[in-house]
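Asker: quick one: sequence plus predicted model below, questions after.
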Amino acid sequence: CIAMDVPGARWMPVAPGNRCTAGASTFLHARPGVAAHRMGRCIPQTALGLSVIASRWRKSRQPKASVCMKAKAFGRNALDADASGLGEVAGTELEAMISELRDLEASKPQSLESQPSEVDEGAIEPVEEDPQAIDIQQIDRSGQVAVLGVPNSGKSSLVNELVGMKVSIVSPKPQTTRQRILGLALLAPRPDMPPTTQAVFADTAGIMETGQTVSEFGFRHKRKRLFRQNRMHKAMVKTAWKQTKASDAVFWVLDAAKCYMYGDYMPPCPELDGVAIGAPVEDAWWLHPELAEELSFLRKLKRANMKVSVVLNKVDILRDMDVNVEEFTLKMREQISSDLGATKDGEDILENLWPTSVLKDPASLAPIKRWLCENLPKQSPIYPLENISDVPARVVASEITREKLFRVLQQEVPYHLTVVNAVWRQEPDGKLLLGQKVVVTKEGQGRIVRYWLPQITEEAESEISEMVNFGRPVELHFQIQVDPKWLENEDYYDDLQGLLDRSGSLVFP
């Protein structure tokens, strides 16, 4: 078996069945009776086989059309052009093949259009348009939507449901998302209408307190945390707030069940036997320690002076508790509108409040889609319509593994680990070999992770195969590394997507 380097006409021995990787970028991989892989599948090494190769090359140079065109006979000039496209290769065998092809074409009629074709005439009919194809002319609105909220409020689930597929990992544990992820959705005002809007949802990390907070009564809110606040968590919060500056709309995802159980904890004014004995307490409704992060978020929104729409998520829990959801929704609208106040222009900060249940009742998101189709800026699509995310494929693979570990690990262990792709190798048969490095802060955490890795490997390989490798096999290998200070190392979280090559992205293939 030999490989021909076409530009220099150099001949190099290659082991049978192996791919040629040395020399120039274009190769003809020669096997007995088999031509090269240059234009796709293996083709018999005959004059007809060479004509098929030339035909494929010509089609690759022509723009795509909406109808199937009849084949035209090869002329001498076209044949010479195709032969030069394949490279000026020295060798009597190739010259004999070209000569045989010329003789074969000379014996044919000058025009195949006037002769019955061997191809079924039914195949030369215009291609029917795909009824599900989307006309870009109908997309007249597009814009970015920042999805914010405290940890474990359902932001990633909301983005996945609006996009229509999984673009962000989810788990029952808080603070699963660590970086900004864009999910691209095509929305229609009604289910029976074609899409008219491209919405770009920015899923962000949960906004949590990054410092100590003291209540109006002088005591500190002591709440159990499974992770310590460090540079990484501060960077996550900073990135989330930064996203609002580039967005056309801001969504605040709020846990309805949490508000029902812990809201209205303190009276708006201290009373004694029904008589007010002090000044009104600011934001008294949110003063329960469990709502400390929601209170901090609300005050930050007031200072930011920007309009916000509230997605009141998890109302299905209220229905299970026999709570009147409509009455509670009206109460929450009045409370949040009063606490947020107005912008500098005198307009209410609260634009909308939608009661939803992302996981149990996806139909409850219809008002959100309709509002976006009516209020996002009128402009052409920001991204190509076929794209769904801006996350590089390598980040997707590592995030899937981290999601599986998040679901099985307990206590502080999932918050003290990260997954990085160290090896990414594509085999000739399409199989993807991944070497992933799992970084933890302690030796004991490493032993726990080592126990669980074999149990999540198969599930992780299956999902990576579906989302990254187009259904082809994936083989995972792991290495556990202990780095007590990785949470303070910016290389693990600072602009992670920007550091990776865009050629491995789902949006920029």
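Answerer: Perfect, thanks for sending it.
Asker: element containing residue 337, please.
Answerer: Remark: residue 337 resides in helix 325-340, with elements defined by DSSP states H and E.
Asker: which outside residues touch the very next helix or strand once past that helix?
Answerer: Using DSSP H and E, the helix or strand that follows helix 325-340 in sequence is strand 350-355. With contact meaning C-beta atoms under 8 Å, 6 or more residues apart in numbering, strand 350-355 is reached by 256, 307-312, 315, 325, 329, 332-333, 336-337, 340, 364-365, 367-368, 371. In this view, the C-beta of every residue, glycine as well, is placed from N, C-alpha and C.
Asker: that older thread, report the angle between the helix holding residue 337 and strand 350-355.
Answerer: 150 degrees (axes from the mean of the first three to the mean of the last three C-alpha atoms, to 10 degrees).
Asker: what mean pLDDT does whichever strand or helix holds residue 292 get?
Answerer: Using DSSP H and E, residue 292 sits within helix 292-304. Averaged across helix 292-304, pLDDT comes to 90.
Asker: with stretch 239-252 instead?
Answerer: 88.
Asker: got it, and stretch 449-460?
Answerer: 95.
Asker: use 43 as the first number for this chain going forward.
Answerer: In the new numbering, first residue 43, that becomes stretch 491-502.
Asker: list the buried residues of it.
Answerer: 491, 495, 498, 499, 502 (16 or more other C-beta atoms under 10 Å).
Asker: in space, what's closest to the second one - neighbours in sequence excluded?
Answerer: Of all residues beyond its chain neighbours, the one nearest residue 495 is residue 520 (5.3 Å), with distances taken as C-beta to C-beta, 6 or more residues apart in numbering.
Asker: is the one you found part of a helix or strand, or is it coil?
Answerer: strand (DSSP: H, G, I helix; E, B strand; the rest coil).
Asker: list the contacts for it?
Answerer: So residue 520 contacts 477, 478, 479, 480, 495, 499 (C-beta under 8 Å, 6+ apart).
Asker: so which of these is the closest to residue 290?
Answerer: residue 478 (36.7 Å; C-beta to C-beta).
Asker: that closest one contacts residue 522, doesn't it?
Answerer: No: here residue 478 does not reach residue 522: they are 10.0 Å apart, not a contact under C-beta atoms under 8 Å.
Asker: who's more crowded, these two?
Answerer: The residue with more neighbours, out of residue 478 and residue 522, is residue 478; 22 against 16, by other C-beta atoms under 10 Å.
Asker: going by secondary structure, the more buried one is in what exactly?
Answerer: Here residue 478 is assigned to strand 474-482, by DSSP H and E.
Asker: what ranges do the strands span in the stretch 193-342 of the chain?
Answerer: Remark: strands assigned in the stretch 193-342 of the chain by DSSP state E, counting those that start in this stretch are 223-229, 239-245, 291-297, 313-314, 317-318.
Asker: which of those sits closest to residue 191?
Answerer: strand 291-297 (3.7 Å).
Asker: mind putting the strands of the stretch 193-342 of the chain into a markdown table with distance to residue 199 and mean neighbour count?
Answerer: As requested, these are arranged in a markdown table below (distance: least, C-beta to C-beta, whole Å; neighbours: other C-beta atoms under 10 Å):
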| stretch | distance to residue 199 | mean neighbour count |
| --- | --- | --- |
| strand 223-229 | 11 | 23 |
| strand 239-245 | 10 | 25 |
| strand 291-297 | 9 | 23 |
| strand 313-314 | 41 | 10 |
| strand 317-318 | 43 | 10 |
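Asker: just put these in TSV and tack on distance to residue 215.
Answerer: Below are the strands of the stretch 193-342 of the chain laid out as TSV (distance: least, C-beta to C-beta, whole Å):
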stretch	distance to residue 215
strand 223-229	17
strand 239-245	16
strand 291-297	14
strand 313-314	40
strand 317-318	43
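Asker: out of those strands, nearest to residue 439?
Answerer: Closest approach to residue 439 among these is made by strand 223-229 (14.2 Å; C-beta to C-beta).
Asker: how about CSV for the contacts of residue 520, with distance to residue 278 added?
Answerer: CSV is the format used below for the contacts of residue 520 (distance: C-beta to C-beta, whole Å):
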residue, distance to residue 278
477, 26
478, 22
479, 21
480, 20
495, 25
499, 28
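Asker: need the max-distance pair from the residues you listed.
Answerer: Maximum distance among the contacts of residue 520 (C-beta to C-beta): 14.7 Å, for 479 and 499.
Asker: for the stretch 443-551 of the chain, which segments count as helices?
Answerer: 485-509, 538-541 (DSSP state H, counting those that start in this stretch).
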